[in-house]
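Trainee: coords please:
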Amino acid sequence: MISHIYVITMDGVVHYSKSFFGTNYVNNDIISFLTLITRVSKKIGGGHIRSLNFENFNFVYTYGNQDHVFIITTDSHNTEEVARVKLELLKEEYLKRFKKGLEKGKVENETLEEFTEFIEKQIFLPPKILLVGEEGVGKKSIMDLFPGDTVLELDDDMTEVVEKAVKVSNIKGINKFVLREVNFHDLLENFSKFKPLLETVDIICMVTNSGAGNLSRTKNLYSRLKERIKNADFYILANFQDSINSAFEPNKISESFGLQTFGFSAIQDDARELINQIIKKILETSILNKFDKQNLNINTLKEIKK
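Mentor: Below is the predicted model:
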């Protein structure tokens, strides 16, 4: 996910900044670090910096006219190619909207507000959640619990692609996420086809029916998938918890897989409310907590400056 946007000059003057989470506070130590290392790179003959890659986040750079530097901060699992597409779109739109103002040395607040609306709609990458599981575990029933239109398409291999954009509230900085359903066997048997999706997905929820047979197969499929996925967070959604005689309890499933497990039943009366609570918890754990960690790590960069 993209968490920060900066438009600055080589001298460290901030022309625009945007944080998608929390307050829009500009950390001057970060700005100083980003411009300092850019100037050093040019001074030693390295040319322009294209990106700075850290364990938990990346800075991706591009450059415009009038000495402008455009930088976005992303999670480490977002590929530079994906981030750079957004970054070039940001630069193009910024220079188009502010060309006259930049020439005059002044940008109107109204134009800034309109640009921020563009950023929120076109640049922000909503979290992607993938529901994976065998046939009959309730993936479609879970998808149907979320309001909105489901996009059903056929890919080049005539395989169904089921996806939904879901609006959410009461989650800091997140107003929607993308939910997609994939059959576990299709995913593994056609891994190369799904690789572009898996490189950008944030969260993988493995849906099970909570019975011994399905849990055993899911564990085997998970072990095969996990070794191919580097950055997505895994969770288990243990469906059919209403099957009292055959369903294993969530804590037992969690112990077996070593993953946080949420018990669920898609047919219970409060299923819609419960699934929203589960998704909110997952988003807070995997997205917001990562952002807080990213902020903590970014703040330590000022020690480098010193």
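
Trainee: What are the phi and psi values at the residue nearest to residue 95 when sequence neighbours are not counted?
Mentor: Nearest non-adjacent residue to residue 95, counting by CB to CB, 6 or more residues apart in numbering: residue 64, 5.6 Å away. All C-beta atoms are positioned from the backbone trio N, CA, C, and that covers glycine. When read as degrees, to the nearest 10, the backbone of residue 64 gives phi -120, psi -170.

Trainee: cool, the one 10 residues further on as well?
Mentor: In terms of degrees, to the nearest 10, the main-chain angles of residue 74 are phi -130, psi 160.

Trainee: Can you tell me how far it is from residue 58?
Mentor: Per CB to CB, to the nearest Å, residue 74 is found 5 Å from residue 58.

Trainee: Overlap of the contact sets of the two?
Mentor: Common contacts of residue 74 and residue 58 (CB atoms under 8 Å, 6 or more residues apart in numbering): residue 83.

Trainee: Show me how the record splits this structure into domains.
Mentor: 2-125, 128-291 (automatic domain parsing).

Trainee: Could you save these as JSON lines and add columns showing mean pLDDT and mean neighbour count?
Mentor: JSON lines is the format used below for the domains of the chain (pLDDT from 0 to 100; neighbours: other CB atoms under 10 Å):
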{"stretch": "domain 2-125", "mean pLDDT": "80", "mean neighbour count": "16"}
{"stretch": "domain 128-291", "mean pLDDT": "88", "mean neighbour count": "17"}
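
Trainee: hmm, back to that, now the residue nearest to residue 95: how far from residue 71?
Mentor: 11 Å.

Trainee: cool, and residue 246?
Mentor: Distance, residue 246 to residue 71, by CB to CB: 53 Å.

Trainee: before we move on, what about residue 134?
Mentor: Noted for residue 134: a distance of 43 Å to residue 71, by CB to CB.

Trainee: Then residue 174?
Mentor: Taken as CB to CB, the span from residue 174 to residue 71 is 22 Å.

Trainee: same check, this time on residue 141
Mentor: 43 Å.

Trainee: got it, and residue 197?
Mentor: For residue 197, the distance to residue 71 - CB to CB - is 27 Å.

Trainee: element containing residue 132, please.
Mentor: strand 128-133 (DSSP states H and E).

Trainee: Within the sheet, what are the partner strands of that strand, with directions?
Mentor: strand 176-183 (parallel), strand 203-208 (parallel) (DSSP bridges).

Trainee: so which of those strands gets nearest residue 88?
Mentor: Nearest of the strands paired with strand 128-133 to residue 88, taken as CB to CB: strand 176-183 at 21.8 Å.

Trainee: after that closest one, next one along is what?
Mentor: Next along the chain after strand 176-183, with elements defined by DSSP H and E, is helix 184-189.

Trainee: which other residues reach that following helix?
Mentor: By CB under 8 Å, 6+ apart, helix 184-189 touches 132-134, 159, 194, 206, 218, 221, 224-225.
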